[in-house]
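>>> What shape does this take:
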Amino acid sequence: MTRSNVKRFLFSSVLAVASISWVQAQAPTTLGLLPPQQQLAQHPASDFVVVYPGEYEGKEKAAVEKFIADNKALEERGPIDIKALISGTLPKNTPGVGPTIPVTEEMIRYGNGLYDPDNPVLNDAAYAKTLGYENIIAYPTFAACDDAFWKAYPIRDIILVSDLNHNITNYKPVYPGDTLYIIANSRHFRDVTPPEGSIYRSVAIDVEGSIYNQKGEKVQDVIFRTTESLKFYKDESMAPKNPSFKDYWEAPSWISRPPHDYTDKDWEFIKGVWAKEKRQGATPLYWEDVKIGDEPAWTLDGPVLVPVSPLFPWGTGAGASRTMRKEIMDPAIFKTMIRGEKDGVYRLPNQEDYIPTVPEFAFSLSAAVAQVGLGTVAADNSKQIHKMTEGNRGVLINYMGRDYAIRHIDNWMGDHGWLTNIRWSIMDTRAHAAFGKTGIPVNPQAEHYLDRVPKMKGKFVNIHGLTGDVAIVKSYVYDKYSRDGDHFVELVWWVENIDGQIWEEGGATVKLPSRNAN
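Below you'll find the predicted structure:
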């Protein structure tokens, strides 16, 4: 796409999304946490209203009634006329129509190179074409941005998020030059506030949606699910008039976990994991050769020096440091690296060599979307990426662990496999309680995965990932089956730090070739 075409596309995208009122009240559900210097000031419980399930009064009542009406309108809309959407003839203010995303090769290569630079399907167009693809393909989570589909509970003074559960099903690859259309299909919420009353109004919200390309083909279906626990000041004058993110975001004291100081023994372990990593690559992994109970070779990424930040409307975010596996494992380059005195982590002499430059186009589109009233998410996040630097210990957003897990799965399934579905979960309420936030209800639809692994029964996500952590991805095959002539394997995967604490869990469905295929 030429620079002039990009500018024209940006302008048309702005016009296309100007009427999208359904996302104007959204909260940045992807952000997860704040650095310690931006944490919310604490107020005693007596400052907040006690609420009860299904009982809405005052300003909350009117807001909830509109929220319910908007959700109903989305349900009553029925299937979107994709041809009309693509041609620009869909009626204005059609519920659920999200932003339009032009797919540039530069953005695809940025995300692919950040997470899986050694995968030729993602980085070598000539090789990808030998497998039947049109070009390199985008990371499977390229455009699955929860904030592009989400609509938060419409009113709160304070918000705390737990039981974040997301799910993406992939149908078609995304190529450079594609145009993607974001559609929300349904949105529901359940009031799970304890019957005895609480200072938290806890609501379990889930939204389902789809992504289509310029041919009208469905690329993905998505489910984004979480619990929002909201508080309201008794004295409304205590609430900031124009709150910034730090004024309303509450979280457990995740940051109280001290950073790890990497010893020579730790580096011996890390290098050992890297030495045993295995890419199946061009050799097909056949469905018949996979057994229930198989445990794919571990992968390891990090230590993470700078976290990825949300960049609406992209699903993989931007701005993170990459893993320096190749450099550390190369004796000649390793001699030139500098070891941190405080954390024991090896770095390249120039920071820009391990923090890839975010394409300017990413900021341009994000800013264009923000200017037409899609909330503060895009604008805030564009600025936030530039602020994320080393020494400012930050949190690892949910999809950072997920995208490390995708590299792990790609390694295992090889170039002939297809990641049909990826699902994941963070911020278990049991971890909330362990870090000082008690009484947060469990989302009744939250999916957890580790109990499907015999040796992991009873374990759960017990920390939040932080900068300084590594991502050791482990997995386990728990099922395999055939359906409609295709052959599938189900895995549970999870992400641990160097101390064996779990900061993300998930599942994956992989389609593999069969030896018996005609």
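
>>> Only C-alpha atoms from now on, for both contacts and neighbour counts.
Fine.

>>> buried residues in the strand or helix carrying residue 73?
Counting by DSSP states H and E, the secondary-structure element that holds residue 73 is helix 58-77. Taking 16 or more other CA atoms under 10 Å as the neighbour-count basis, helix 58-77 is seen to contain the buried residues 63-64, 67, 70-71, 73-75.

>>> Show the average pLDDT along it.
Averaged over helix 58-77, pLDDT sits at 94.

>>> Then stretch 249-269?
Stretch 249-269 comes out with an average pLDDT of 95.

>>> can you dump the C-alpha coordinates of it into PDB?
Listed next in PDB are the C-alpha coordinates belonging to stretch 249-269 (Å, rounded to 0.1, in the frame of the first residue of the first chain):
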ATOM      1  CA  TRP A 249      -8.200   1.500  37.700                       C
ATOM      2  CA  GLU A 250      -7.800  -0.800  40.800                       C
ATOM      3  CA  ALA A 251      -5.700  -3.900  40.900                       C
ATOM      4  CA  PRO A 252      -4.200  -6.400  43.400                       C
ATOM      5  CA  SER A 253      -0.700  -5.600  44.600                       C
ATOM      6  CA  TRP A 254       0.900  -7.700  41.800                       C
ATOM      7  CA  ILE A 255       3.900  -5.400  41.800                       C
ATOM      8  CA  SER A 256       4.800  -6.400  45.400                       C
ATOM      9  CA  ARG A 257       6.400  -9.500  44.000                       C
ATOM     10  CA  PRO A 258      10.100  -8.800  43.900                       C
ATOM     11  CA  PRO A 259      12.000  -8.900  40.600                       C
ATOM     12  CA  HIS A 260      14.200 -11.900  39.900                       C
ATOM     13  CA  ASP A 261      18.000 -11.500  39.900                       C
ATOM     14  CA  TYR A 262      19.200 -13.900  37.200                       C
ATOM     15  CA  THR A 263      22.200 -16.000  38.400                       C
ATOM     16  CA  ASP A 264      24.700 -18.000  36.400                       C
ATOM     17  CA  LYS A 265      22.700 -21.100  37.400                       C
ATOM     18  CA  ASP A 266      19.500 -19.500  36.000                       C
ATOM     19  CA  TRP A 267      21.300 -18.700  32.700                       C
ATOM     20  CA  GLU A 268      22.500 -22.300  32.500                       C
ATOM     21  CA  PHE A 269      18.800 -23.400  32.800                       C
END
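
>>> Grab the most central residue of the chain for me.
Computing the C-alpha centroid of the chain and ranking residues by CA atoms, centre = their mean puts residue 399 first, at 2.7 Å.

>>> returning to what we had before: next structured bit after the helix holding residue 73?
Using DSSP H and E, the helix or strand that follows helix 58-77 towards the C-terminus is helix 82-87.

>>> Please enumerate residues in contact with that following helix?
Outside of helix 82-87, the residues within contact range by CA atoms under 8 Å, 6 or more residues apart in numbering are 90, 181, 212, 214, 216.

>>> can you rerun that using 10 Å?
16, 88-92, 94, 97, 100, 179-181, 183, 212-218 (CA atoms under 10 Å, 6 or more residues apart in numbering).

>>> May I see the ChimeraX selection of the buried members of the residues you listed?
Typed into ChimeraX, the next command selects the buried ones out of those (criterion: 16+ other CA under 10 Å):
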select :16,94,97,100,179,180,181,183,212,213,214,216,218
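
>>> I figured residue 117 hits residue 109, correct?
Yes - Residue 117 is within contact range of residue 109, at 8.9 Å (criterion: CA atoms under 10 Å).

>>> so what sits against both of those two?
Contact criterion CA under 10 Å, 6+ apart; residues bridging residue 117 and residue 109 by contacting each: 123-124.

>>> And these two? Which one has more around it.
More neighbours surround residue 109 than the other of residue 117 and residue 109, with 21 against 18 (other CA atoms under 10 Å).

>>> Grab the nearest non-local neighbour of the more buried one.
Ranked by CA to CA, 6 or more residues apart in numbering and with sequence neighbours excluded, the top spatial neighbour of residue 109 is residue 123, at 6.8 Å.

>>> give the contact list for that neighbour.
If you count contacts by CA under 10 Å, 6+ apart, then residue 123 has 108-110, 112-113, 116-117, 135-138 around it.

>>> ok, now residue 447?
Contacts were defined as CA under 10 Å, 6+ apart; by that measure residue 447 touches 163-167, 225, 423-425, 505-507.

>>> Could you tell me the end-to-end distance of stretch 126-140?
Start to finish, the residues bounding stretch 126-140 are 19 Å apart (CA to CA, to the nearest Å).

>>> actually stretch 331-347, not the one I wrote
Terminal residues of stretch 331-347 lie 14 Å apart, using CA to CA.

>>> buried residues in that stretch?
By neighbour count on 16+ other CA under 10 Å, the buried set for stretch 331-347 is 334, 337, 344-347.

>>> next one: stretch 45-52
Burial within stretch 45-52, assessed by neighbour count using 16+ other CA under 10 Å, is assigned to 48-52.

>>> For residue 157, state which of the buried residues of helix 58-77 is nearest.
Proximity of the buried residues of helix 58-77 to residue 157 (CA to CA) peaks at residue 63, which lies at 13.3 Å.

>>> Check the gap between that closest one and residue 56 for me.
In this structure, residue 63 and residue 56 are separated by 9 Å, where distance is defined by CA to CA.

>>> same question, residue 209
From residue 209 over to residue 56 the distance is 28 Å, taken as CA to CA.

>>> swap in residue 280?
Distance, residue 280 to residue 56, by CA to CA: 55 Å.

>>> Likewise for residue 447?
For residue 447, the distance to residue 56 - CA to CA - is 29 Å.

>>> do the same with residue 129
Residue 129 sits 57 Å away from residue 56 when distances are taken as CA to CA.
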